[in-house]
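A.B. asks: just coords:
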């Protein structure tokens, strides 16, 4: 069991992030904090203090898996722990991120409409009418059919920023689902073994150590 | 001459993801993550409880018997 620390409550940040995104997709942008911070720490300090101490996602899996016992606690299969799988997953992750950037660019160039859907693995559309306002407060702008539909028009965010938000929320949700699956099947923090941010920051630390 | 055997955690550095779960779990605060690369055990503090090996998601820590 983990020692007492305020950091044990950081799992709430994960919950807050996904709830805010449900409320308004614009909040998905906040997820960039979880991308930039670990990279900056590894580049500047040369360690993985983010993973070790402050990562909300790691604490989230520990809380559910460790504290609530939602895990089989079995070892991960060897291939999933291997270096090639870790780097392959980084590549897959870059692929997803790249497709988000392309979609964002196409919307910015007015070559494509905003695809206002949250998709798992960039393909499986969640069966939720998620079309949310780009405004900080959701506002009903038009309605067609039985379900009210919220659109990004007239919001504070331009359409390209809304597109990025949907893509980024999808990416965050996809990684959460994968992390939850490996938490249930293996040990609570199995996600940390193949987390692309963890692999990248560890690689940066290794390069920094070689340099010095 | 008496010899006392003790279990001690051994880190597989190649497998370690440096996530820090072992360091957070260790009741003796005997584990640190060196330069964000891998876990290092301070054997002068370690009591060989095996909590680190149990939580390591990469199974990179194994408990080995050692003659003291």
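C.D. replies: Right, received. Where do you want to start? All values derive from a computational prediction rather than experimental measurement.

A.B. asks: show me where chain B has its strands.
C.D. replies: Ranges of strands within chain B are B:5-11, B:31-34, B:38-41, B:61-67, based on DSSP state E.

A.B. asks: how far out from the middle of the chain is the third one?
C.D. replies: Spelled out, that is strand B:38-41. Centroid displacement of strand B:38-41 relative to its chain, using C-alpha atoms, centre = their mean, to the nearest Å, is 7 Å.

A.B. asks: what is the neighbour count of the residue in chain A positioned nearest to chain B?
C.D. replies: Proximity of chain A to chain B (C-beta to the nearest C-beta) peaks at residue A:52, 3.0 Å away. (Glycine included, C-beta is placed from N, CA and C.) A count of neighbours around residue A:52, defined by other C-beta atoms under 10 Å in any protein chain shown, yields 22.

A.B. asks: identify whichever of the strands of chain B lies nearest to residue A:9.
C.D. replies: For the strands of chain B, proximity to residue A:9 was assessed by C-beta to C-beta; strand B:31-34 is nearest, at 21.5 Å.

A.B. asks: the closest one pairs with which strands?
C.D. replies: Strand B:31-34 has its sheet partners listed here by DSSP bridges as strand B:38-41 (antiparallel).

A.B. asks: in chain B, where is pLDDT below threshold?
C.D. replies: When residues are selected by pLDDT under 70, those of chain B lie in B:1-4, B:67-68.

A.B. asks: who in it is up against chain A?
C.D. replies: Residues of chain B lying near chain A by C-beta under 8 Å from any C-beta of the partner chain: B:14-15, B:17-21, B:23-25, B:27, B:33, B:35-37, B:55-59.

A.B. asks: which among those count as buried?
C.D. replies: With burial judged by 16 or more other C-beta atoms under 10 Å in any protein chain shown, the buried subset of those is B:15, B:17-21, B:23-25, B:33, B:35-37, B:55-59.

A.B. asks: show me the strands in chain A, by range?
C.D. replies: For chain A, applying DSSP E gives strands covering A:119-120, A:124-125, A:142-143, A:148-149.

A.B. asks: per-stretch mean pLDDT over those strands, give me the minimum one.
C.D. replies: Mean pLDDT per stretch puts strand A:148-149 lowest among the strands of chain A, at a mean of 36.

A.B. asks: nearest to chain A: which residue in chain B?
C.D. replies: For chain B, C-beta to the nearest C-beta, closest residue to chain A: residue B:20, 3.0 Å.

A.B. asks: so what's that residue closest to, chain neighbours aside?
C.D. replies: residue A:52 (3.0 Å; C-beta to C-beta, 6 or more residues apart in numbering or on different chains).
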